[in-house]
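[1] build me a model:
(chains A and B)
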There are 2 protein chains.
Amino acid sequence: MGLVVQKYGGSSVADAEGIKRVAKRIVEAKKNGHQVVVVVSAMGDTTDELIDLAEQVSPMPAGREFDMLLTAGERISMALLAMAIKNLGHEAQSFTGSQAGVITDSVHNKARIIDVTPGRIRTALDEGNIAIVAGFQGVSQDKKDITTLGRGGSDTTAVALAAALHAEVCEIYTDVDGVFTADPRVVKKARKIDWISSEDMLELAASGSKVLLHRCVEYARRYDIPIHVRSSFSGLPGTWVSNEKPESQGDQQVEHAIISGVAHDVSEAKITVVGVPDKPGEAAVIFRAIADAEINIDMIVQNVSAASTGLTDISFTLPKTEGRKAIDALERAKGGIGFESLRYDDQIGKISLVGAGMKTNPGVTASFFQALSDAGVNIELISTSEIRISVVTRQDDVPGAVRAVHSAFGLDSDSDEAVVYGGTGR
Amino acid sequence: MGLVVQKYGGSSVADAEGIKRVAKRIVEAKKNGHQVVVVVSAMGDTTDELIDLAEQVSPMPAGREFDMLLTAGERISMALLAMAIKNLGHEAQSFTGSQAGVITDSVHNKARIIDVTPGRIRTALDEGNIAIVAGFQGVSQDKKDITTLGRGGSDTTAVALAAALHAEVCEIYTDVDGVFTADPRVVKKARKIDWISSEDMLELAASGSKVLLHRCVEYARRYDIPIHVRSSFSGLPGTWVSNEKPESQGDQQVEHAIISGVAHDVSEAKITVVGVPDKPGEAAVIFRAIADAEINIDMIVQNVSAASTGLTDISFTLPKTEGRKAIDALERAKGGIGFESLRYDDQIGKISLVGAGMKTNPGVTASFFQALSDAGVNIELISTSEIRISVVTRQDDVPGAVRAVHSAFGLDSDSDEAVVYGGTGR
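    Numbers count the residues shown, from 1 in each chain, chains lettered A, B, ... in the order given. The predicted model follows:
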């Protein structure tokens, strides 16, 4: 038996009862002969409460101090978890991100891990301890200041430690049973996926699936760490995410569905820059202005220019939360671009179909559009990658569109039609 | 203008408003040209809430993890305070005990400071920052584990940093206006003391005065750091505590009252060991048993032996919280001691009169007993030092006894009779 890294999110350790339940699960893994490293998030709403406090004392909490504040959250949960484990008769020690050797850059609030030196964790394990590590935090290499890793940071901490400690698996415990073929709140017939490739998982995460964040999957793929996403409540096997399909998940050559799942995202808005002169370099100026404001954009579409005016429209999507900043940036850059007006639309939704199988099955795109058409859904933007097709629609159309596509590709749980390699495609 | 260390307790930073009020006061000191180091406790009830959480997951929270948990409290308050200061346009950086160089031994929950290496604090100050330091916490020299300093630890942190940084003064901000001649809740006519010697303050602290803890005053005396205890709410000058009377507090040769104040303490209990053989070594066996149980005792009285039986009684006082443990320890040692029975009494109170003046004024003791007698208070135990007399009485008698003594020594605020050097004594 080797080393496992387990990560528990805030909902799994929301209160004392949750902490005791999680402690039992950890002790089980230890009893099964594993060395166990546990990464834990802050309890339930702790982080939100701390943010609220910060906003009460300062309208713009500063990076360094904001990180110092937020890291108190994991400090509380990890110490309590270690106590609960000791209360079950097993040895446990908790470590801050800094103590665990999570070295980051100095970008406060969204630091990136640049090295992991888990000497103290290794020592604690060798002495028979279960090691509890604060997720989401590290220490900056140059200034030795406390940093946080931003959204989904605890998952990244877990994968990074798993890589540094050469763990067998990184188990991500959460409040759902795994990764589903679609959001089960939207599609009642969504199926839990037993195994999904890192590549497909990356596309799902980028397309709105919230179970694992892109950054954590990317890290796991790079270091070839298998992730097992599962529920801390049910104890059932969840979804394995790895570069190669494990033998336990059946023969890799057959029965691999073309489509892994359908993701949707209603957190984005669309900005249309109307009346842009259709000449070289205009798009570059627009997106330089957006990039300088540190805004990440998603899809971009440029309309065909109207010959009569020599003007075109450029649309792009971005997180709603960045909408105001993007509009401001474009207004400031208006002189250099020379567009006519800006249109802002936050009533959009994105539906994405993901699956490595579509690389070799040319019918997928057509089937996807047919399903949307049959459901009466109008398509506003389209973007594709080798293993993903995404469309933007009216937000109100999203639930129906997801259900229609999920059903059309045989993903419904009562369907026998899951499209597999060697099948006909569509 | 030199360097000042300011310490703010939990009641001063109980909420966002409190933090903003304290931030303004800190910025004032900075504007007055001082380099400012601030030591801060956890907000209001935070520590109690964390202890409550710990008890929910484990009946006996372990030392190392308990310290890790509790130190989250100051992390929150110090980060918020730094944010609030930055919001006022001044630079501030917060530091954990470990980052501030507070090095301790490894005794979790009540560690002792063994060194202070404030290199990062000095750098932050030299760069123009206000440095905010977490009180109550440090890092162990050998294992690099997070430790806490126990009760009143933040005051000790402040004094230790003041000593290491050669501060002009250590200002302890609290929710009262300073040290009073008696507890103002008991004696309405109690007066704020403008200056008190470290020596007298040590005795007051040991006798039940809660404004400053013995440990903090002892540290300040050893390193000759003047303490200024004052209110974070009123902004009025408070009480100076120092080895030598500062010039600003008037000529040292005259007008120094014989008595600094009257302290009382109702947190102790009395244990009487009844029927101890009156022979050499018996007391040693009893107090070895108590010491082995790590219980600190206060007063000890041995009755005159009854000649007819050769047996005597030994009484001592100790914190009520240690009562159960002491009884258990004595019962276990009963065979080796051979006493008849144990009596436990938690309805006692202690009244102490403190003042360096009593060294040279032989009438003080007599006046003290006369005042108690006039108030109809029965004395159960007596103990004295060079500058203190303490008596144990029934707990119900304490308020009346304190008022009577306070008045008898001319300490009442409407009295002109404060007994001074060169006066007649009593």
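[2] get me the contact residues on the stretch 201-350 of chain A for chain B.
    On the criterion CB under 8 Å from any CB of the partner chain, chain B has no neighbours in the stretch 201-350 of chain A. Any C-beta I mention is one placed from the backbone N, CA and C, and that applies to glycine too.
[3] residue ranges with poor pLDDT in the stretch 201-350 of chain A?
    Within the stretch 201-350 of chain A, the segments meeting pLDDT under 70 span A:248-257, A:305-307.
[4] how about the strands in it?
    A:227-231, A:239-242, A:261-265, A:268-277, A:300-302, A:311-319, A:341-345, A:348-354 (DSSP state E, counting those that start in this stretch).
[5] in what helix or strand does A:R75 lie?
    Secondary structure from DSSP states H and E places A:R75 in helix A:72-87.
[6] got the buried residues for the helix or strand that comes right after that helix?
    Under the assignment DSSP H and E, the closest C-terminal helix or strand after helix A:72-87 is strand A:92-95. Across strand A:92-95, burial judged by 16 or more other CB atoms under 10 Å in any protein chain shown covers A:A92, A:Q93, A:S94, A:F95.
[7] how about the helix holding A:R75 and chain B, touching?
    Yes - judged by CB under 8 Å from any CB, helix A:72-87 and chain B are in contact via A:72-73, A:75-76, A:78-84, A:86-87.
[8] can you name the two of those residues that are farthest apart?
    A:A72 and A:N87 (22.8 Å; CB to CB).
[9] so what touches stretch A:50-61?
    Outside stretch A:50-61, the residues that touch it by CB atoms under 8 Å, 6 or more residues apart in numbering or on different chains are A:66, A:69-70, A:72-73, B:16, B:19-20, B:23, B:76, B:79-81, B:83-84, B:86-87.
[10] narrow these to those that are buried.
    By 16+ other CB under 10 Å, those give A:66, A:69-70, A:72-73, B:16, B:19-20, B:23, B:76, B:79-81, B:83-84, B:86-87 as buried.
[11] please name the nearest non-neighbouring residue to the residue most central in space within chain A.
    Nearest to the mean C-alpha position of chain A, by CA atoms, centre = their mean, lies A:L213 at 1.5 Å. In this structure, A:L213 finds its nearest non-sequential neighbour in A:G152, 3.4 Å apart by CB to CB, 6 or more residues apart in numbering or on different chains.
[12] looking at that neighbour now. What's its pLDDT?
    Predicted confidence (pLDDT) for A:G152: 85.
[13] A:I382 - nearest residue in space that isn't next to it in sequence?
    A:I382's closest residue in space is A:V391 (CB to CB, 6+ apart), at 5.3 Å.
[14] I should have written A:K7 there, sorry.
    In space, A:K7 is closest to A:A158, 3.6 Å off (CB to CB, 6+ apart).
[15] helix/strand/coil for that neighbour?
    Using DSSP: H, G, I helix; E, B strand; the rest coil, the structure places A:A158 in helix.
[16] that one contacts A:V5, correct?
    Yes - counting by CB atoms under 8 Å, A:V5 is a contact partner of A:A158 at 5.3 Å.
[17] mutual contacts of these two, please.
    Joint contacts of A:A158 and A:V5 (CB under 8 Å, 6+ apart) are A:V39, A:C170.
[18] surely A:M60 is in a helix?
    No - if the criterion is three-state DSSP, then A:M60 is coil and not within a helix.
[19] can you report how many residues lie near it?
    A:M60: 11 surrounding residues under other CB atoms under 10 Å in any protein chain shown.
[20] need the pLDDT of it.
    Reported pLDDT for A:M60: 80.
[21] would you check how far apart the closest residue to A:T117 other than its chain neighbours and A:K110 are?
    Excluding its sequence neighbours, the residue lying closest to A:T117 (CB to CB, 6+ apart) is A:G101, at 3.6 Å. From A:G101 across to A:K110, the span is 20 Å (CB to CB, to the nearest Å).
[22] between these two, which one's more packed in?
    Higher neighbour count among A:G101 and A:K110: A:G101, with 21 against 15, using other CB under 10 Å.
[23] list the contacts of the more buried one.
    A:D115, A:V116, A:T117, A:P118, A:G119, A:R120, A:I121, A:A164.
[24] what about those residues, which are in strands?
    Counting by DSSP state E, the part of the contacts of A:G101 found in strands is A:D115, A:V116.
[25] ok so, going back, now the strands of the stretch 201-350 of chain A as a markdown table including mean neighbour count?
    Below are those laid out as a markdown table (neighbours: other CB atoms under 10 Å in any protein chain shown):
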| stretch | mean neighbour count |
| --- | --- |
| strand A:227-231 | 23 |
| strand A:239-242 | 24 |
| strand A:261-265 | 26 |
| strand A:268-277 | 20 |
| strand A:300-302 | 15 |
| strand A:311-319 | 20 |
| strand A:341-345 | 13 |
| strand A:348-354 | 26 |
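[26] identify whichever of those lies nearest to B:V186.
    strand A:227-231 (58.5 Å).
[27] show me what the closest one is packed up against.
    strand A:169-174, helix A:214-223, strand A:239-242 (3 or more CB pairs under 8 Å, 6 or more residues apart in numbering or on different chains; DSSP states H and E).
[28] what's next to it, contact-wise?
    Against strand A:227-231 from outside (CB under 8 Å, 6+ apart): A:159, A:169-179, A:211-212, A:216-217, A:220, A:236-242.
[29] only whichever of those residues are buried, select them in ChimeraX.
    A single ChimeraX command selects the buried members of the contacts of strand A:227-231 (16+ other CB under 10 Å):
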select /A:159,169,170,171,172,173,174,176,177,178,179,211,212,216,217,220,238,239,240,241,242
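[30] for chain B, see how far away A:K143 is.
    Look at A:K143 and chain B: by CB to the nearest CB, to the nearest Å, they are 10 Å apart.
[31] ramachandran coordinates for that residue?
    Dihedral pair for A:K143: phi -100, psi -10, per degrees, to the nearest 10.
[32] quick check: it touching A:D105?
    No - A:K143 lies out of contact with A:D105 (CB under 8 Å); the separation is 10.4 Å.
[33] between those two, who's got more neighbours?
    Higher neighbour count among A:K143 and A:D105: A:D105, with 15 against 11, using other CB under 10 Å.
[34] ok, the more buried one - contacts?
    Contacts of A:D105 by CB under 8 Å, 6+ apart are A:A111, A:R112, A:I114, A:S140, A:Q141, A:T147.
[35] among those residues, which one has the most neighbours?
    Counting by other CB under 10 Å, top hit in the contacts of A:D105: A:T147 with 32 neighbours.
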